[in-house]
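# Next come a sequence and a model predicted from it.
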Amino acid sequence: MDKIITIVGARPQFIKAATLSRQFLIRGIDEKIVHTGQHFDENMSQVFFEEMEIPKPAYNLDIHGLSHGAMTGRMLEGIESILQNEKPDGVLVYGDTNSTLSGALAASKLQIPLIHVEAGLRSFNMQMPEEINRILTDRISNVLFCPTDTAVANLKREGFDAMPVQIIKNGDVMQDAAMFYAESAMLKSSIIKKIGFKKFVLATIHRQENTDSPENLRNIIHGLDQINKQIPVVVPMHPRTRNILAHNFQLPEFTIIDPVGYFDMIMLLKSCELVITDSGGVQKEAFFFGKHCITLREQTEWTELVDNGFNILVGSNSEKLQSAFDILKDRKSDFSLNLYGRGHAAEIAAKEIQKI
Ligand code: UDP
């Protein structure tokens, strides 16, 4: 393939796309980026393009703030007309957002080969919008790049090895990003000075199952406030969570900051004592930077982290959160295990894409 259209729209996709865009440039593959507009705030979008030197999107559909169905439908329409004009050799989508699914549908309906990076992940929880997006996207993809052995096994279990598709384990592109940008982060970020804590716990909360359930959110806030009495808890707050908190809740005691750019996030991950999150990406990044993680979900797609003792799942239960904290704060682990490749996932994927 010589000409690729990449669809991105949400924060984690900018971070993933940064790694492959660089490889496309190195190899002379013509890539045009379509930004759906799903995340649009300066600190949820633009900062990543600037810091990570991601090529400026050729198109921005500016679609956000709608219900899941309306958002996906409007993106599908917008992406379809771009693909009809551009006639790329392939369409590349990342992860599991509405932007992923709409890009996948647009490509497959025009019979343009579809490449899915971060294929095969499953939480087995069909209540999660992300689970629906990833299952449907995998099913209509032609090339499936899997980050882990578990992801490959999931696809095989669903019968993908009997289908005319390519399944390639390439490792995790987020590992590539963490390794590539760590040095720039060290040089350019001043977040640790700004927050002013020597020791702290880093937490993020944004999954719909937590933000949209007042009971779950109340339990999580209570749990984090309890931990905050023992060690400062710092939360770069996702706009969705901040909105809900502002309207429905008493202000928490822990420290809330605005969402941070990737360089600041790397420094927070490197410098914290422990991570508490419901994010998919942040669970892995905790591991990349040698930190234990407590996950505010009942399941994870990154099961190898739990199986190897790096991560404990607690859902939204504040007592379980406290006991996991008590266990992990003194646990010593060897983080050198190779679970996600050694930073070559994007290179492997770009080479394969060039061969097609
Ligand atoms: N992230 C960031 N700034 C923040 C919070 C998260 O740069 O304030 C990064 C984080 O390091 C990870 C990605 O955003 O690379 C994860 O995105 P998110 O948690 O929104 O999505 P998920 O991974 O759950 O799909």
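Looks like it came in fine.
# Spell out which residues of the chain are next to the ligand.
Listed as neighbours of the ligand in the chain under the rule CB under 6 Å from any ligand atom: 11-12, 15, 204, 206, 236, 259-260, 262, 265, 279-282, 285. In short, each C-beta sits where N, CA and C put it, glycine included.
# Tell me which of those fall in strands.
T204, P236 (DSSP state E).
# tell me what the helix or strand that contains G73 is packed against?
Per DSSP states H and E: G73 is located in helix 68-86. On a contact count with 3 or more CB pairs under 8 Å, 6 or more residues apart in numbering; DSSP states H and E, helix 68-86 meets strand 3-8, strand 30-35, helix 98-109.
# Run through the bridge partners of the residue nearest to G103 when sequence neighbours are not counted.
Spatially, and ignoring its direct neighbours in sequence, G103 is nearest to I7 (3.2 Å; CB to CB, 6 or more residues apart in numbering). Note on I7: beta-bridge partners V34, V93, judged by DSSP bridges.
# right, and I7 touches G90 too?
No: using CB atoms under 8 Å, I7 makes no contact with G90, being 11.4 Å away.
# higher neighbour count, those two?
Ranked by neighbour count (other CB atoms under 10 Å), I7 and G90 place I7 first, with 30 against 20.
# Do you know the pLDDT at the more buried one?
I7 is assigned a pLDDT of 98 by the prediction.
# With the ligand as the reference, measure out to it.
15 Å (CB to the nearest ligand atom, to the nearest Å).
# check contacts around that residue.
V34, T36, I79, V91, L92, V93, Y94, S99, T100, S102, G103 (CB atoms under 8 Å, 6 or more residues apart in numbering).
# at 6 Å what do you get?
V34, V93, S99, G103 (CB atoms under 6 Å, 6 or more residues apart in numbering).
# Looking at the residues you listed, which one is closest to the ligand?
Using CB to the nearest ligand atom, S99 is the member of the contacts of I7 that lies nearest the ligand, at 11.4 Å.
# My read is that that closest one contacts T36, right?
Yes: between S99 and T36 there is a contact under CB atoms under 6 Å: 4.3 Å.
# list residues touching both of the two?
Common neighbours of S99 and T36 (CB under 6 Å, 6+ apart) are G9.
# coming back round to it: next, give me the two most distant ones among the contacts of I7.
V34 and V93 (10.1 Å; CB to CB).
# Between those two, tell me which one has more neighbours.
V93 (32 against 25).
# so what's the more buried one up against?
Counted by CB under 6 Å, 6+ apart, V93 has contacts I7, T100, G103, A104, H116.
# Could you rerun that using 7 Å?
I7, T100, G103, A104, H116, T137 (CB atoms under 7 Å, 6 or more residues apart in numbering).
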